[in-house]
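S.K.: Need coordinates for the below:
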Amino acid sequence: MRRILWIVKLVSLNVGMPTEIEVDGRTVLAGIFKQPVPSRVPMRTLHLEGDGQADLRAHGGPFKAVYAYPSEHYRFWTRELPGTELPWGAFGENLTVTGCMEDAVYIGDRFRIGSAEVVVTQPRMPCYKLGIRLGRPDIVDRFLASGRSGFYCAVAREGDVGAGDEIEVVVRDPHRVSVADIAGLFTLVDVPYDPAELRARLRRAVEVPALAEGLRRRLKGRLAEFGWDA
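M.R.: Numbers count the residues shown, from 1 in each chain. Down below sits the predicted model:
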């Protein structure tokens, strides 16, 4: 029998299809407007039923099938963005979770939620549409600097999920590279700028099998920027 390492919760399940909105005189298709749903929802290989992404070149796909965001961060953003309405799903997340902080979740960790299972693949690097959703053009830089990225998951086993489900961590990735570690390698926030240490962290990160391939290529590119071999 597999050992359950800890148990956390799915606070809110949020979905939404792409919507056309007017921004600076132009029409933009955005899938970031997610709404909580009270019923159980099938989780498929590429998305939750009733959910969609607008730009499939940058969003969605097997490595970014669902996006999880810690509910604990909402208190921080309520202080940082006074007067901004922040219902569950405000950051475009499908899964508002509790107990899954970025520095404690490893790339490659496997979670069971309801009858589905997901694998953590990468932190979220937001695009300008987060600013549209929150009405804050400066939010992308602030989001990255905050270290509160949340994380994307691949769907390893299809099933159905619903708000209130326990989230069971059934496998911990042995490489022990956290979501926060990967995010830091892009922003260099909380990463000591010691060349040998930075190279070691980058090399360790690109060796994690579960890391999304697009992100692996970008990290290898960062190694190349410093003149280091991957």
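S.K.: For Asp165, give me its contacts.
M.R.: Contacts for Asp165 were tallied using C-beta atoms under 8 Å, 6 or more residues apart in numbering; they are 9-10, 113-114. From N, CA and C alone the C-beta is placed, and that goes for glycine too.
S.K.: 10 Å instead?
M.R.: Asp165 makes contact with 8-11, 13, 40, 95, 97, 112-116, according to C-beta atoms under 10 Å, 6 or more residues apart in numbering.
S.K.: got the residue ranges for the helices in the chain?
M.R.: Using DSSP state H, the helices of the chain run over 73-80, 129-134, 139-146, 179-187, 195-206, 213-225.
S.K.: In the longest one, which residues are buried?
M.R.: Judged by neighbour count using 16 or more other C-beta atoms under 10 Å, the buried positions of helix 213-225 are 215-216, 219-220, 222-223.
S.K.: I'd like the distance from stretch 179-191 to the chain centre, please.
M.R.: Distance of stretch 179-191 from the chain centroid (C-alpha atoms, centre = their mean, to the nearest Å) equals 14 Å.
S.K.: likewise stretch 95-112?
M.R.: When distances are taken as C-alpha atoms, centre = their mean, stretch 95-112 is centred 9 Å away from the chain's centroid.
S.K.: and if you look at stretch 117-124?
M.R.: The chain centroid and the centroid of stretch 117-124 are separated by 7 Å, computed with C-alpha atoms, centre = their mean.
S.K.: next one: stretch 98-114
M.R.: That offset, for stretch 98-114, works out to 10 Å (C-alpha atoms, centre = their mean).
S.K.: One more: stretch 12-26?
M.R.: Taking the mean of its C-alpha atoms, stretch 12-26 sits 18 Å from the chain's own mean (C-alpha atoms, centre = their mean).
S.K.: cool, stretch 203-211 as well?
M.R.: Centroid separation for stretch 203-211 versus its chain: 17 Å, with C-alpha atoms, centre = their mean.
S.K.: Equivalent analysis for stretch 215-229, please.
M.R.: When distances are taken as C-alpha atoms, centre = their mean, stretch 215-229 is centred 22 Å away from the chain's centroid.
S.K.: and what of stretch 139-151?
M.R.: Relative to the mean C-alpha coordinate of its chain, stretch 139-151 is positioned 11 Å out (C-alpha atoms, centre = their mean).
S.K.: quick one: the residue positioned nearest the centre of the chain and Ala183, what's the gap?
M.R.: For the chain, Phe151 is the residue whose C-alpha lies nearest the centre (C-alpha atoms, centre = their mean; 2.1 Å). Using C-beta to C-beta, to the nearest Å, Phe151 is found at 9 Å from Ala183.
S.K.: Between these two, which contacts overlap?
M.R.: In terms of C-beta under 10 Å, 6+ apart, Phe151 and Ala183 are both contacted by the residues 102, 122-124.
S.K.: And the furthest pair within these?
M.R.: Pairwise distances across the shared contacts of Phe151 and Ala183 peak at 11.2 Å for Glu102 and Gln122 (criterion: C-beta to C-beta).
S.K.: list the residues that contact both of these two?
M.R.: With C-beta under 10 Å, 6+ apart as the test, Glu102 and Gln122 both reach 149, 151, 179, 182-183.
S.K.: Which one of those residues sits in the busiest neighbourhood?
M.R.: With neighbours taken as other C-beta atoms under 10 Å, the top of these is Phe151, carrying 30 neighbours.
S.K.: check contacts around that residue.
M.R.: Contacts for Phe151 (C-beta under 10 Å, 6+ apart) come out as 64, 66-70, 93, 95, 97, 100, 102, 105-107, 109, 118, 120-124, 178-180, 182-183.
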